[in-house]
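Participant: Could you work out the structure for the sequence below:
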Amino acid sequence: MKIEELRVDNWVMNTLYHSPCKVIGISTDITIDFKDGARRYEALAEVEPIELTVETLDKNFNKSDRFKGFWELGGLYSITENSNYGFILCALDMDEFGGGYYVPAIPCTYFHELQNLLVDLRIDKKIEL
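Facilitator: Just a heads-up that it's a prediction; the model follows:
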């Protein structure tokens with residue numbers, strides 16, 4: 001993982017204890033504070049990304065009624081499984097007749113990537129592991 005990929009409140013996996021931990025601060029380009037319960041960490045080498053799963057999407061988002069295999073993220077966006085990336089964020093493209101379809105836009109393999117995309121797209125939703 002690169003430090004540039006992370007933001008405060010991102011969830012990652014602690015490799016020492018095999019437990020999820022939350023980024024609680026980024027103070028320099030080499031120091032990140034993590035917390036999982038009572039423990040506190042400061043080493044990027046001790047964490048790895050958490051893979052995004054169907055179960056996580058089912059827990060946090062509704063399946064689309066119109067498009068099979070898609071979870072609605074809100075507004076004009078959805079996410080679907082992708083054989084190359086795990087999952088891919090899609091944007092709704094409307095035509096002049098009122099119909100539409102989702103266009104694949106951004107690969108999304110890890111939980112923290114989805115967290116960051118929701119913020120970037122101004123989708124006000126906190127997701128849980």
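
Participant: Give me the residue at the spatial middle of this protein.
Facilitator: By CA atoms, centre = their mean, the mean C-alpha position of the chain lies nearest to residue 114, the distance being 1.7 Å.

Participant: Give me the secondary structure label for the residue with the largest distance to the centre of the chain.
Facilitator: Outermost residue of the chain with respect to the C-alpha centroid, by CA atoms, centre = their mean, is residue 97; its distance is 32.7 Å. Residue 97 falls in the coil class when you classify it by DSSP: H, G, I helix; E, B strand; the rest coil.

Participant: what do you get for residue 91?
Facilitator: strand.

Participant: what about the strands in this protein?
Facilitator: For the chain, strands defined by DSSP state E occupy the ranges 11-14, 19-26, 32-36, 39-41, 47-48, 62-63, 70-74, 77-82, 86-94, 100-107.

Participant: helices or strands up against the first one?
Facilitator: Judged by 3 or more CB pairs under 8 Å, 6 or more residues apart in numbering; DSSP states H and E, the packing partners of strand 11-14 are strand 19-26, strand 32-36, strand 47-48, helix 111-120. Placement of C-beta: from N, CA and C, glycine included.
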